[in-house]
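# sequence unknown, structure follows:
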């Protein structure tokens, strides 16, 4: 119904209030003409009064008349604006100039407020575009900088970010430390302390110290760009309820016009009303039967909820997906990268009695230094954290599919799993530690020399810090939780126990996850799926609601209907409650608007309501449902 008007700055550089848009100025001006016209009529100047009423009609009704006629021509479908125009013109044609003008005035005010309300909802999201950095200070090898467009930066380039500047790229800090305001991305109000090695995100603000960062993603693939693209998609999507209302509007308007046509004659013959009363009541019926409030019951609420989610780091790809979230009865989690961090860490390091722990760790870390395997990266990171240092003169050979061999100071070492270093010795090492660690779902790597095993490192993909609490919160909402993973039974059982899920399935292939999801939907009802990888995409597509982690693969992000931009699982119960509240508000609006229409129609038949009161009741209900929907902007 509403059109969005730009609000240019007033002369002198001062911005007028957001609500004072072009439609509102026209509406207020028509109100002034109505008051003057009424006064002239009272003092016996009917000609001047008629001229001013006509001006009020033209000025106040122009925007809505243009909108209604244009949409009718383009869509070949009647709308509520046409009903209002006909009601106002009809009132004037039977001598009720004041009532017709008041109708135009209140309808224009209502339209202006609706435009403001819709614009406010959209601006909560579209303001993200204003935060998108356009330029960056590219740092050359000699220490000089040059300002370039963000789109010109490539992965591996270095940029200088001064205090107070908006960070232009996704990257990692090379030098410097600072506080960074990430509220535009995560919704967190407190700045985060950042140091070398930490990640930076485009669109966030460097608060204090100067930073040098290395670009890790092109500008088209930054987290901030993903947010903008997904929000733009969400704005164009409509919920099933909204689609139904829009289809219903055209049919309803035709029915009202047909009913009004009957009412222009039938009461005169059946109830004995005089022609003036009959025509007047027909005009009142045109007003009060209009579904303005019903049409406005859904879209402002939906846009407000999508906006609220975007501010909190949850992106819904449209109103239909937001509407469906609260219908989930069971949620399936992928393990790696979803419930867990996706990066193994060393949890146990055991050295043969009598050997120097630090020196042995330094040797193991040095052997793993040339491998890019995730387990090797975990061991090297552990060695750095333990300040173990490194050893020189290590010659390393990669044995594909087995492990590593290394020569150091005339000795030969092997690094790998039990089958590579010797199963019997591995099983017996450190009082049979292998069995205990394997039962805990850990992967164990051994270091041995020519004679025996001298050390082991146990690694595990650990739970996200918020995972267990998120699962508890989801279960508290009455939703069943399931973990689907490709890992072995022992690892799956351990992670499932730590996370607190209701059930799990191990050794899942992509098609296994799809089959399990279908089974869960048959058992419990609508099912959600949360994942991050390419292998999760089929399950995300199968689920009633697919939810992707923000740093997931492009396929997962494209397939899912909801995206957790900061990978925070605690946003899932928030999204569920937001969806439920939006659905409640939409139901409230629909029930309220239908009740008001029914009451006004009945009052008109009983001749208990005048045209001005009908206008106030009708347009007042429209404004109320819009404001009720806008409450979701502030929902926590």
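Looks like it came in fine. Because the structure is a prediction, the values reported are computed rather than measured.
# okay, CA-based contacts and neighbour counts for the rest of this
Will do.
# tell me the contacts of the spatially closest residue to residue 467 that is not a sequence neighbour?
In space, residue 467 comes closest to residue 339 once its chain neighbours are excluded; the distance is 5.8 Å by C-alpha to C-alpha, 6 or more residues apart in numbering. Each residue near residue 339 by C-alpha atoms under 8 Å, 6 or more residues apart in numbering is listed here: 333, 463-464, 467, 499.
# could you pull out the strands for the stretch 501-636 of the chain?
All strands of the stretch 501-636 of the chain, identified by DSSP state E, counting those that start in this stretch, fall at 503-505, 527-531, 545-549, 562-564.
# Could you point out which residue ranges in the stretch 401-550 of the chain have low pLDDT?
401 (pLDDT under 70).
# for the stretch 151-300 of the chain, same thing?
183-190, 223-250.
# now the strands: where do they sit in it?
158-161, 171-175, 178-181, 192-194, 199-200, 205-206, 211-215.
# Looking at those strands, spot the one closest to residue 222.
strand 171-175 (9.2 Å; C-alpha to C-alpha).
# Give the partner strands of the closest one in its sheet and their orientations.
Next to strand 171-175 in the sheet, as set by DSSP bridges, lie strand 199-200 (antiparallel), strand 211-215 (antiparallel).
# a markdown table for these, including distance to residue 285 and mean neighbour count?
Below are the strands paired with strand 171-175 laid out as a markdown table (distance: least, C-alpha to C-alpha, whole Å; neighbours: other C-alpha atoms under 10 Å):
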| stretch | distance to residue 285 | mean neighbour count |
| --- | --- | --- |
| strand 199-200 | 60 | 19 |
| strand 211-215 | 64 | 23 |
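# Among those strands, which comes closest to residue 492?
Of all those, strand 199-200 sits nearest to residue 492, with 29.6 Å by C-alpha to C-alpha.
# how far does the closest one sit from the chain's center?
21 Å (C-alpha atoms, centre = their mean, to the nearest Å).
# which residues are contacting it?
For strand 199-200, contacts defined as C-alpha under 8 Å, 6+ apart pick out 167, 169-173.
# Please indicate which of those has the highest neighbour count?
Among the contacts of strand 199-200, residue 169 has the most neighbours (other C-alpha atoms under 10 Å), with 35 neighbours.
# Surely it touches residue 202?
Yes. Look at residue 169 against residue 202 with C-alpha atoms under 8 Å: they come within range, at 4.3 Å.
# any common contacting residues for the two?
Shared contacts of residue 169 and residue 202, counting by C-alpha under 8 Å, 6+ apart, come down to residue 222.
# returning to what we had before: what's the closest of the strands paired with strand 171-175 to residue 93?
strand 199-200 (66.6 Å).
# need the contacts of residue 339 in JSON lines with distance to residue 538, neighbour count and secondary structure, can you?
Conversion of the contacts of residue 339 to JSON lines gives the following (distance: C-alpha to C-alpha, whole Å; neighbours: other C-alpha atoms under 10 Å; DSSP: H, G, I helix; E, B strand; the rest coil):
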{"residue": "333", "distance to residue 538": "14", "neighbour count": "23", "secondary structure": "strand"}
{"residue": "463", "distance to residue 538": "24", "neighbour count": "21", "secondary structure": "strand"}
{"residue": "464", "distance to residue 538": "24", "neighbour count": "19", "secondary structure": "coil"}
{"residue": "467", "distance to residue 538": "23", "neighbour count": "20", "secondary structure": "helix"}
{"residue": "499", "distance to residue 538": "24", "neighbour count": "23", "secondary structure": "helix"}
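# so can I have CSV of those showing distance to residue 486?
Supplementary listing: these in CSV, determined by distance: C-alpha to C-alpha, whole Å:
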residue, distance to residue 486
333, 12
463, 16
464, 18
467, 19
499, 16
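# what residues are up against the nearest residue to residue 133 once chain neighbours are set aside?
Spatial nearest neighbour of residue 133, excluding adjacent residues (C-alpha to C-alpha, 6+ apart): residue 168 at 5.1 Å. Residue 168 is in contact with 132-136, 150, 201-203, counting by C-alpha under 8 Å, 6+ apart.
# again, 6 Å this time
Taking C-alpha atoms under 6 Å, 6 or more residues apart in numbering, we find residue 168 in contact with 133, 136, 202.
# mind listing what the host helix or strand of the second one pairs with, with the direction of each?
In the assignment (DSSP states H and E), residue 136 maps to strand 135-139. When sheet partners are counted by DSSP bridges, strand 135-139 sits next to strand 145-149 (antiparallel), strand 158-161 (antiparallel).
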